[in-house]
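Q: Here is my input; please provide its structure:
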Amino acid sequence: MKVSVIIPNFNNAIYLSECIDSVVNQGFNVVKEIIIVDDHSSDASWHILSKYKKKYPNKIHIFKNSKKGVQSARNLGFEKSTGKYIQWLDSDDVLGPNKISNQLKSLLNREKNVISFCGFVHFENDTKDLIPKPNIVWRNYNNPIDWLIDSWSGGGMGQTACWLTPRELCEKSFWDEKWIINQDGIYFLEIILKSKTILFTNNAIVYYRKPKITNISRQKSKPVLVSLLKSYKYYEKILKITDTKEIRKALAVNYANFIAYVYPNFKDLQSIAKKDILLLGIKKIPSFGGKRFRILRFFIGLYPAIKLSKKINLYKLKHFENK
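A: Below you'll find the model as predicted:
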């Protein structure tokens, strides 16, 4: 039942110890090995990793990525792993207490194609006294495709570290290095489509470090946005498995969110997204976003609502960073 925890790292020396400690604290009775792949860091990451390797020589294994990029680092980590279950974890995030053991309990005596999922909460520096806000997808799914529909429709995302996945499913999937954004969306799409059941573990949590404004701005270059739009097109492979009105609407919501994300820039990409919505048989941009945004859209229209929401969200992010 033991788990391989795979951590890709790039220049996260400032967060690395907190991340690794959260895995060590899970207990080596459930964690078989911690595999950390450093992706050509230029900070003190390797020095920190070497200290942990010396402290836990039989449990922590460190490697330098032979290529470059988080996708190849994850693939290398999986090649080196031997655990029955796989726990992916980014080096700036933190596992909550007993996260892994509680998920393992939910998977006990289950089939090999059953995966476990848990919730997450955003944090900046301190994980104490944080109260998660449940999403619609925080429940069990006998049909995993329904999880995708709920998630794409605005029910919440699946943060990478929230999943605990049987090795057999990971062996049939890999992190495709051609994607430069939404890599986890593509990867877990493949996992979910091959799974039988999704079990939600309500007594497990992941602490997901909130990105800085600079990180978000890097995600709005045109090559990144083109890749993001193509990833949503890739999602449409689900239609070859099952094709329903609910799935088509959920796929269209991805494109609607994309339009809102890039607005008012990149009108050419907005046009492509609008055409993709029409090709799905959806005649207009579907309803999306939270309750506040939907109310704004009703009273002032789609694009004014997008513009106002962006101003509000930017203010909140700046306020969060200045705390």
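
Q: Now do Lys307 against Lys291, distance only.
A: Distance check for Lys307 against Lys291: by CB to CB, to the nearest Å, it reads 18 Å. The C-beta positions use only the backbone N, C-alpha and C, and glycine is treated the same way.

Q: quick one: which of these two has more around it?
A: Legend: neighbour count by other CB atoms under 10 Å for Lys307 and Lys291, higher for Lys307 (15 against 7).

Q: and the chain, what are its domains?
A: Using automatic domain parsing, the domain ranges for the chain come out as 3-210, 214-321.

Q: Let me know which of these is tucked in deepest.
A: domain 3-210 (a mean of 18; mean count of other CB atoms under 10 Å).

Q: Straight-line length of that domain, end to end?
A: Across its full length, domain 3-210 reaches 26 Å between end residues, using CA to CA, to the nearest Å.

Q: And stretch 15-34, by the same measure?
A: When the termini of stretch 15-34 are compared using CA to CA, they are 16 Å apart.

Q: for the protein, what helix or strand is lowest in average pLDDT?
A: Lowest mean confidence among the helices and strands of the chain (mean pLDDT, DSSP states H and E): helix 213-218, at a mean of 51.

Q: any idea how far Trp46 lies from Arg74?
A: Applying CB to CB, one obtains 18 Å for the distance of Trp46 from Arg74.

Q: now do Lys196
A: In this structure, Lys196 and Arg74 are separated by 24 Å, where distance is defined by CB to CB.

Q: Likewise for Arg294?
A: 36 Å.

Q: can you tell me which residues contact Ile192?
A: The neighbourhood of Ile192, defined by CB atoms under 8 Å, 6 or more residues apart in numbering, consists of 115, 144-145, 147-148, 198.

Q: again, but for Ser91
A: If a contact means CB under 8 Å, 6+ apart, then Ser91 has 7-10, 12, 15-16, 19, 36 as its contacts.

Q: Just the pLDDT at it, thanks.
A: Per-residue confidence for Ser91 comes out at a pLDDT of 97.

Q: Pick the one among the contacts of Ile192 closest to Asn265.
A: Proximity of the contacts of Ile192 to Asn265 was ranked by CB to CB; the top entry is Leu148 with 28.5 Å.

Q: The stretch 51-200 of the chain: helices as residue ranges?
A: Remark: helices of the stretch 51-200 of the chain, listed N- to C-terminal, are 70-80, 99-107, 144-150, 167-171, 183-194; assignment by DSSP state H, counting those that start in this stretch.

Q: now the first one against helix 183-194, angle please.
A: Between the direction of helix 70-80 and that of helix 183-194, the angle (axes from the mean of the first three to the mean of the last three CA atoms, to 10 degrees) works out to 50 degrees.
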